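K.L.:
return a 3D structure for these sequence lines:
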Amino acid sequence: MKRIFLLFSFLLFFLTAAAAKDKKIAQTGFQFLSVTSDARASGMGEAMTTVQDHSTALFFNPAGMARSQNFLEVNFSQNTWIAGILHNSVSLSFAPMDGRYGVLGFSMQSVDYGEVQGTMVWPNDQGFIDTEVFHPTAFCIGVGYARALSDRFSVGGHIKSAYQYLGKSVVPETDTTFTVDKNTLSTLAYDFGTIYETGWKEFAFGMSVRNFSQEIKYQSEGFQLPLTFRIGASINLLDFDPLHFLALPGTKDPRLLLSVDAIHPRSYAERMNIGLEYNLFDLLYLRYGFLVNYDERSSTVGFGLSKSLGKHFLSIDYAYTPFGIFDSVQKFSIQIAI
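P.N.:
Residues are numbered from 1 along each chain as shown. Next up is the predicted model:
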């Protein structure tokens, strides 16, 4: 079964890279749940399905949190998104007794869309009049749990409550009367995933399902959250003899991590994310991501500085993404573990 699943994984990687014929547009809402704020993940093209990454794994694959042995780890991230939209995220993980009984995590995301001038239809020369200036916002808070069921197999789950406010709207009832609706919605969503570590050259494969929920609606049209299925694999390229010369002297954990995700989203055609992370002297991490079948993005770059003292560490990460006709996107993260 393991060999069959591994073969299926590789076939899916290549097939989904070429499968982009069907256009699946505007089929979901709450799209802020699809936007990543973590700088390390963004620098690697968000190919994080099998990357063990402490509390931030809640935003990609909850099973990636299972190997954490830090009693407390916290991550703060800020994402200056396109059109002046600001995304912030916070994640925490607790692993009492070195994670022997699993790892508990908490997540939070908030979005500030800025100011929007409201209007309504009116019988004047313009055809409308201005109403109030409103501030659309979005928020999501969740709790997750992950556990290593063996020295190779990990599972995790994440339940979250998502909320969005899109301002007030004036709805005419007759020629002389109208009602004012406050456009707010909230719903529960679920994530879950698995990771299997083969024990060969740090090769791991896994899968995740994110944003599974019931259908919701604002007025009359129903929609679902951006349900996304991912299957991924990662490996340390420095474990191969031809590339071993890249392992610099003085680096305790030499690593050139290659991570690949095949993605099947509800709202878009199939995509593929490819990420690289190179460890220099256990202090500086250089990252590159390649994105397949995206409209305005094709690559990402980033770096991180990390200082460890035993199991404790401090990391500062940055990522930069050229975004075609939009402004470039920059992301910052700080991660602390004790």
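K.L.:
contacts and neighbour counts: CA atoms only from here.
P.N.:
Will do.
K.L.:
residue 60 touches residue 48, doesn't it?
P.N.:
Yes: using Cα atoms under 8 Å as the test, residue 60 is close enough to residue 48 to be in contact (6.3 Å).
K.L.:
who's more crowded, those two?
P.N.:
Under the criterion of other Cα atoms under 10 Å, the comparison of residue 60 against residue 48 puts residue 48 first, with 29 against 26.
K.L.:
how close does the more buried one sit to residue 257?
P.N.:
Residue 48 is 11 Å from residue 257, where distance means Cα to Cα, to the nearest Å.
K.L.:
ok, residue 144 next?
P.N.:
26 Å.
K.L.:
these two: which is more packed in?
P.N.:
Per other Cα under 10 Å, whichever of residue 144 and residue 257 has more neighbours is residue 144, with 25 against 21.
K.L.:
in the sheet, who's paired with that one?
P.N.:
Assessed by DSSP bridges, residue 144 has beta-bridge partners residue 105, residue 158.
K.L.:
with the one 10 residues further on instead?
P.N.:
Listed beta-bridge partners, residue 154: residue 148, residue 195 (assigned using DSSP bridges).
K.L.:
contacting residues for it?
P.N.:
63, 64, 66, 146, 147, 148, 194, 195, 196 (Cα atoms under 8 Å, 6 or more residues apart in numbering).
K.L.:
which SS class is residue 243?
P.N.:
Secondary structure of residue 243, reduced to three states by DSSP: H, G, I helix; E, B strand; the rest coil: helix.
K.L.:
I'd guessed it sits against residue 236; true?
P.N.:
No: checked against Cα under 8 Å, the pair residue 243 and residue 236 is beyond contact range at 10.1 Å.
K.L.:
confidence score at residue 169?
P.N.:
Residue 169 carries a pLDDT value of 79.
K.L.:
how about the strands in the stretch 1-150 of the chain?
P.N.:
Under the criterion DSSP state E, counting those that start in this stretch, the stretch 1-150 of the chain contains strands at 72-80, 86-94, 103-112, 116-121, 128-134, 137-148.
K.L.:
show me what the fourth one is packed against.
P.N.:
What it means is strand 116-121. Using 3 or more Cα pairs under 8 Å, 6 or more residues apart in numbering; DSSP states H and E, the elements in contact with strand 116-121 are strand 128-134.
K.L.:
got phi/psi on residue 122?
P.N.:
phi -150, psi 140 (degrees, to the nearest 10).
K.L.:
residue contacts, it?
P.N.:
Residue 122 neighbours (Cα under 8 Å, 6+ apart): 128, 129.
K.L.:
closest one to residue 299 among the strands of the stretch 1-150 of the chain?
P.N.:
Taking Cα to Cα, strand 72-80 is the member of the strands of the stretch 1-150 of the chain nearest to residue 299, at 16.7 Å.
K.L.:
for the closest one, what is the average pLDDT?
P.N.:
Mean predicted lDDT for strand 72-80 stands at 96.
K.L.:
what residues does it touch?
P.N.:
Contacts for strand 72-80 (Cα under 8 Å, 6+ apart): 36-39, 54-56, 86-95, 329-338.
K.L.:
give the closest residue to residue 237 in space, chain neighbours not counted.
P.N.:
Distances taken as Cα to Cα, 6 or more residues apart in numbering put residue 256 closest to residue 237, at 5.4 Å, once the chain neighbours are dropped.
K.L.:
whoops, I mixed them up, residue 80
P.N.:
residue 86 (5.1 Å).
K.L.:
hang on, the one you found packs against residue 112?
P.N.:
Yes: the pair residue 86 / residue 112 is scored as a contact, 5.2 Å apart, by Cα under 8 Å.
K.L.:
can you pull out the low-pLDDT segments for the stretch 51-200 of the chain?
P.N.:
For the stretch 51-200 of the chain, applying pLDDT under 70 flags the ranges 175-176.
K.L.:
got a list of what the nearest residue in space to residue 113 that is not next to it in sequence touches?
P.N.:
Among residues not flanking residue 113 along the chain, residue 85 sits closest, at 4.8 Å (Cα to Cα, 6+ apart). Residues near residue 85 by Cα under 8 Å, 6+ apart: 111, 112, 113, 114.
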